[in-house]
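> Just the structure for this:
(2 chains)
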Amino acid sequence: MSIRVRFAPSPTGFLHVGSARTFIFNWLFARHNGGTMILRVDDTDVERNTEASESSIFDGLRWLGLGWDEEYRQSERLELHRRMANAIFAKGMAYRDFTPAHAGDDSRPAAQGAWLFHADMRSLPAAESDARAARGEPFALRFRVPREAQGEAQFHDAVYGEQAKSFVDIEDFALLRSDGMPTYHMASCADDIDLGISHIIRGQDHLTNTFKHVLIFGALGAAAPQFAHLPLLVAPDGSKLSKRKHGPVVSVTTYREAGFLPEAFINFLCLLGWSPKDDRQFMSVAEIQELFTLEGINRANAVVNFTEPPPTPDDAFDPKAVWLNGEHIRALPVEELAARLGAFLAAAGHPLDKQAMLKITPLIRERIRLLRDALAAADFFLNRELAPYDPALLVPQKGDAAMARKVLEKAREALAETEFTHDALEQALRSSAQQLGLKAGQMFSPIRVAITGRTAAPPLFGTLEALGKELTLQRIAQALQSVGASTG
RNA sequence: GGCGCAUUCGUCUAACGGUUAGGACGCCGCCCUCUCAAGGCGGUAAUACGGGUUCGAUUCCCGUAUGCGCUACCA
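Below you'll find the predicted structure:
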């Protein structure tokens, strides 16, 4: 039997991290087993669907870069859904319910237990049912759960094991709404049969629904697919992830815009609810694909450990996600990272050519964990004018303003006649320090501040080389002015 | 309320009856070092609780607690 899985989002919101993980797990399962990955837009809820949501979902999936093999849209398959619903009705396994939609809360006393069915409708004589339908009276089509049978619906879940639920605890759920539209349960099962879905991998929030689906598959005489339910992704307080409550950290878009690499994002998500069963954390997509099995999925919900509200923008994400992103950044060949950084910086308003990116990338790649960190890490390179800084920073450890001035003057002199390559710069500055009788650090520190405006910056010689002689000398001159000014 | 599912360091997880309960992130310390990082080394910290079963329970069973899900003519 061929392996066919589907990811079935409903376009009622942005793509959130939980959905992204479900997509990824389906994709991994398909690829690991040489199967087919299907994208099926579950858009049977006309009321709530939006185009914005749909494009957000597609954008997010495209960013992940995994792709899919086939694509369907449920709203284009309504005839199939109705035909299958009617087939169930024809077998007497469903009945018409003429109760008006949203019939009210009092008809469903939740306090005493779950609502199960409208007794009068369930037992409505066929003749009367037909007559009312012929009269044009609207009705929902409900599945007639065989509650008299004293049996139970059951299935095997690849993650949660054997599952069973008594028929008496399952309500007569709707198959068709009174406007003729199929419900999720009906549409989903009909499509799963028609598309030959072999494995349904989805969130654990569907675990209980599966009993209904098993009933539908059975009524249609179809073998149920294999099921694998995924533990849910939850917020640090254990509650379900929701945009309303938790803000942008649950949206895939936020990760992309912050400068997560899709492969790092995928790596992170895979570690939530799945384990390779050994000690590895950092994995390429190819590696995960190789290792991925349903047996590696665990049962407890996983916390996405973001901070809320974020103390600083950088601290909003799960620290492990950020760490993994840094690891993936450093695993990239410099040319590749330069290209990705270049695209990111261009989008952020700093278009740089390839040469510039190749100069800057090696300097910052060990200092950034998100692509957006480059904005701050390479600020001295991105902006011709340095942001104003405190001249006191120019003063080296165990030194004073006079020493700073002496260092900068010496540097200006030495650098003016030095070739701007890493090794030549190092040689020139180290011997300058010696000539002044200073420690290397005391020599380098004022220069670093002069050219970057910061005491913490990438390695000095590489930075000088990247900056070039002209800009360097200009900034040293400016620094000298401020040192002179501050000391009179 | 009913039904279902879950419960190992703060977080992600490993240990398919016998381990000093392992790894990772985070945090702390040390090393490396021109600063900051990166890297290396070390430290911190967990089996929800109560009963069983067993020579022996993180592991199997029951109960309790807690959390989550479903209980729509949403998906």
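
> which helix of chain A spans the most residues?
Taking DSSP state H as the criterion, chain A has its longest helix at helix A:469-487.

> packing partners for it?
Counting contacts by 3 or more Cβ pairs under 8 Å, 6 or more residues apart in numbering; DSSP states H and E, the secondary-structure elements packed against helix A:469-487 are helix A:401-416, helix A:440-452. Bear in mind the C-beta positions are built from the backbone N, C-alpha and C, glycine included.

> out of the ones you listed, nearest to RNA strand B?
Between RNA strand B and the helices and strands packed on helix A:469-487, the shortest separation by Cβ to the nearest atom of the strand is 4.2 Å, and it involves helix A:440-452.

> close to RNA strand B, is the closest one?
Yes - counting by Cβ under 7 Å from any atom of the strand, RNA strand B is contacted by helix A:440-452 at A:440, A:441, A:444, A:445, A:448.

> That helix: which residues count as buried?
Taking 16 or more other Cβ atoms under 10 Å as the basis for neighbour counts, the residues of helix A:440-452 that come out buried are A:442, A:443, A:444, A:445, A:446, A:447, A:448, A:449, A:450, A:451, A:452.

> gap between the helix or strand harbouring residue A:54 and the chain center?
According to DSSP states H and E, residue A:54 maps onto helix A:51-64. Helix A:51-64 sits 12 Å away from the centroid of its parent chain (Cα atoms, centre = their mean, to the nearest Å).

> Now that helix - C-alpha only, PDB.
These are the backbone C-alpha positions of helix A:51-64, laid out as PDB (Å, rounded to 0.1, in the frame of the first residue of the first chain):
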ATOM      1  CA  GLU A  51      -8.100  34.900   1.700                       C
ATOM      2  CA  ALA A  52      -5.600  36.700   3.900                       C
ATOM      3  CA  SER A  53      -5.400  33.600   6.100                       C
ATOM      4  CA  GLU A  54      -5.000  31.300   3.100                       C
ATOM      5  CA  SER A  55      -2.100  33.400   1.700                       C
ATOM      6  CA  SER A  56      -0.500  33.600   5.100                       C
ATOM      7  CA  ILE A  57      -0.600  29.800   5.400                       C
ATOM      8  CA  PHE A  58       0.900  29.300   1.900                       C
ATOM      9  CA  ASP A  59       3.600  31.900   2.600                       C
ATOM     10  CA  GLY A  60       4.500  30.200   5.800                       C
ATOM     11  CA  LEU A  61       4.600  26.800   4.200                       C
ATOM     12  CA  ARG A  62       6.700  28.100   1.300                       C
ATOM     13  CA  TRP A  63       9.100  29.600   3.700                       C
ATOM     14  CA  LEU A  64       9.600  26.200   5.400                       C
END
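
> and that helix with RNA strand B, contact?
No - if you take Cβ under 7 Å from any atom of the strand as the test, helix A:51-64 misses RNA strand B, and the best it gets is 11.3 Å.

> Give the next helix or strand downstream of that helix.
Per DSSP H and E, the helix or strand that comes after helix A:51-64 is strand A:70-73.

> follow-up on the earlier one: now the residues of helix A:440-452 next to RNA strand B in CSV, with distance to residue A:225?
Shown next, in CSV, are these (distance: Cβ to Cβ, whole Å):
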residue, distance to residue A:225
A:440, 67
A:441, 66
A:444, 65
A:445, 65
A:448, 62
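
> If you count neighbours, what's buried in stretch A:369-378?
For stretch A:369-378, by 16+ other Cβ under 10 Å, it's A:369, A:370, A:371, A:372, A:373, A:374, A:375, A:377, A:378.

> Pipe those into CSV and attach pLDDT and secondary structure per row.
Written out in CSV, the entries for these read as follows (pLDDT from 0 to 100; DSSP: H, G, I helix; E, B strand; the rest coil):
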residue, pLDDT, secondary structure
A:369, 97, coil
A:370, 97, coil
A:371, 98, coil
A:372, 97, coil
A:373, 97, helix
A:374, 97, helix
A:375, 97, helix
A:377, 97, helix
A:378, 97, coil
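
> From the structure, what's the count of residues near the residue nearest to residue A:468 when sequence neighbours are not counted?
If you skip the residues right next to it in sequence, residue A:468 has residue A:420 as its closest partner in space, 6.1 Å away by Cβ to Cβ, 6 or more residues apart in numbering. Other residues lying near residue A:420 total 17 when counted by other Cβ atoms under 10 Å.

> likewise residue A:162?
Taking other Cβ under 10 Å as the neighbour definition, residue A:162 ends up with a count of 8.

> what about it, which SS state?
Using DSSP: H, G, I helix; E, B strand; the rest coil, the secondary structure recorded for residue A:162 is strand.

> pretty sure it contacts residue A:152?
No - the criterion here is Cβ atoms under 8 Å, and residue A:162 misses it with residue A:152 at 11.0 Å.

> And what about residue A:5, helix, strand or coil?
At residue A:5 the chain is in strand, as set by three-state DSSP.

> Does it touch residue A:30 like I think?
Yes - in terms of Cβ under 8 Å, residue A:5 counts as a neighbour of residue A:30; the distance is 5.1 Å.

> between those two, what contacts are shared?
Jointly contacting residue A:5 and residue A:30 under the rule Cβ atoms under 8 Å, 6 or more residues apart in numbering are A:36, A:37.

> Between the helices and strands packed on helix A:469-487, which one is closest to residue A:54.
Relative to residue A:54, the nearest member of those by Cβ to Cβ is helix A:440-452, separated by 45.4 Å.

> Who are the packing partners of that closest one?
Counting contacts by 3+ Cβ pairs under 8 Å, 6+ apart, helix A:440-452 packs against helix A:379-382, helix A:401-416, helix A:422-436, helix A:460-467, helix A:469-487.

> Let me know which of these is tucked in deepest.
Per-stretch averages of neighbours, counted by mean count of other Cβ atoms under 10 Å, single out helix A:460-467 among the helices and strands packed on helix A:440-452, with a mean of 22.

> how about the residue nearest to residue A:468, what does it touch?
In this structure, residue A:420 makes contact with A:464, A:465, A:468, A:469, A:472, judged by Cβ under 8 Å, 6+ apart.

> going on from the helix-or-strand element of chain A with minimal mean pLDDT, what's the next piece of helix or strand?
Each helix and strand of chain A was given a mean pLDDT (mean pLDDT, DSSP states H and E); the minimum falls on helix A:243-246 at a mean of 78. Heading C-terminal from helix A:243-246, the first helix or strand you meet, by DSSP H and E, is helix A:252-258.

> For residue A:290, find the nearest of the helices and strands packed on helix A:469-487.
Within those, the stretch nearest residue A:290 is helix A:440-452; the backing value is 43.1 Å (Cβ to Cβ).

> got the angle for that closest one vs helix A:469-487?
Going by axes from the mean of the first three to the mean of the last three Cα atoms, to 10 degrees, helix A:440-452 is angled at 100 degrees with respect to helix A:469-487.

> Fine, thanks again, bye for now.
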